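S.K.: Provided below are the primary sequence and the corresponding predicted coordinates.
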Amino acid sequence: MAELLRSAVVIVALVMGAFSSAPAVAQDVPPGMGPEALQSFQRGTTHAQARDWEAAAREFQRSYDLEPRKESLFAWAQAERLRGNCARAVDLYRRVLPLDLTPKQKQAAERNLERCDRSNEEARREAALGTASTAAANPPLSAPIPGPPGTGAPPVNPAGLRGSSGRATDIPPPIASKRSLLLGAVLHAGTAVGLAGAVTFFMLSRASVQQASDDFLFREYTADLAEAHRRQRFATGFAAAGVLFGGATVLYWLAPRSGRETAPTTSVAFVGPDGPGLTLRGPF
């Protein structure tokens, strides 16, 4: 089972390596732009690649002043937002929206305008209320929870699962055949791979959405958003596989099999300082 779990980790690592590369700022430029405005726009994309947002905003602004284009205005707004000047970016996004935009271009401007509005609102709230942090007090440890009636299971202490004597509760080792051990390991590994893959592709889709929100060209925004949707579909597929394997694991554990268990299996639910939990006792 350890080998299968290690293989699952390797599979997820390979998947992350294959899909986690973030696209760089595009080097192509809007068609039909004049020479001087084009040079400023290209310098702006170069500064944006170097994450020099102040210089990028300055060049995009110059490009827009030389030739008012929606592409330059949107790129200028992006640079202002990424340099932390959301107050200026909000004004620029609002100047972009009335222009002749495609549905995707309008969506890009509206989404980033909403992000800046939220950022400005949070800044105003912090300025009004100040920053304060409160430490959450841990709830007191509860008394040991008795086992289910009629099972003879010892009491369970939520803190560390220790008995009333303070020593760790002894759990008898399970007796199982090689076949049942292999099947249980496969089900566990399938569950682990499914859930890990779902989390991986979900995080990658979030990264694609973030990349799309930071793109300076409308076409690149559309491409990155399509990539985010593709990764979300992968995440859904992995999650469905993980749920199926997890359900099969639970059914396998609940179903008695000859040669697999020689003592009853019991479960004890408890609520501890870190939340609810479930203790399983007996052969699996």
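M.R.: Good, I have the coordinates.
S.K.: contacting residues for the closest residue in space to Arg62 that isn't next to it in sequence?
M.R.: Closest residue in space to Arg62, ignoring its immediate chain neighbours: Ser40 at 4.4 Å, by Cβ to Cβ, 6 or more residues apart in numbering. The C-beta positions use only the backbone N, C-alpha and C, and glycine is treated the same way. When contacts are counted by Cβ atoms under 8 Å, 6 or more residues apart in numbering, Ser40 is found next to Glu59, Phe60, Arg62, Ser63, Leu66.
S.K.: ditto for Gly194
M.R.: The contact partners of Gly194, by Cβ under 8 Å, 6+ apart, come to Phe238, Ala239, Ala240, Ala241, Gly242, Val243, Leu244, Phe245, Gly246.
S.K.: Can you tell me which of those residues lies closest to Ala55?
M.R.: Phe238 (41.4 Å; Cβ to Cβ).
S.K.: Check that closest one and give its pLDDT.
M.R.: Per-residue pLDDT puts Phe238 at 86.
S.K.: wait, what's in contact with it?
M.R.: By Cβ under 8 Å, 6+ apart, Phe238 lies in contact with Val193, Gly194, Leu195, Ala196, Gly197, Ala198, Thr200, Phe201.
S.K.: Give me the buried entries from those residues.
M.R.: Among the contacts of Phe238, those classed as buried by 16 or more other Cβ atoms under 10 Å are Val193, Gly194, Leu195, Ala196, Gly197, Ala198, Thr200, Phe201.
S.K.: From the rest of the structure, what touches stretch 58-73?
M.R.: 29-30, 33-34, 36-38, 40-41, 43-44, 47, 75-76, 79, 92, 95-96, 99-101, 105, 216-218.
S.K.: Mind jotting down where the helices sit in the protein?
M.R.: For the chain, the helices defined by DSSP state H occupy 2-19, 35-49, 53-66, 70-82, 86-96, 103-129, 178-214, 218-254.
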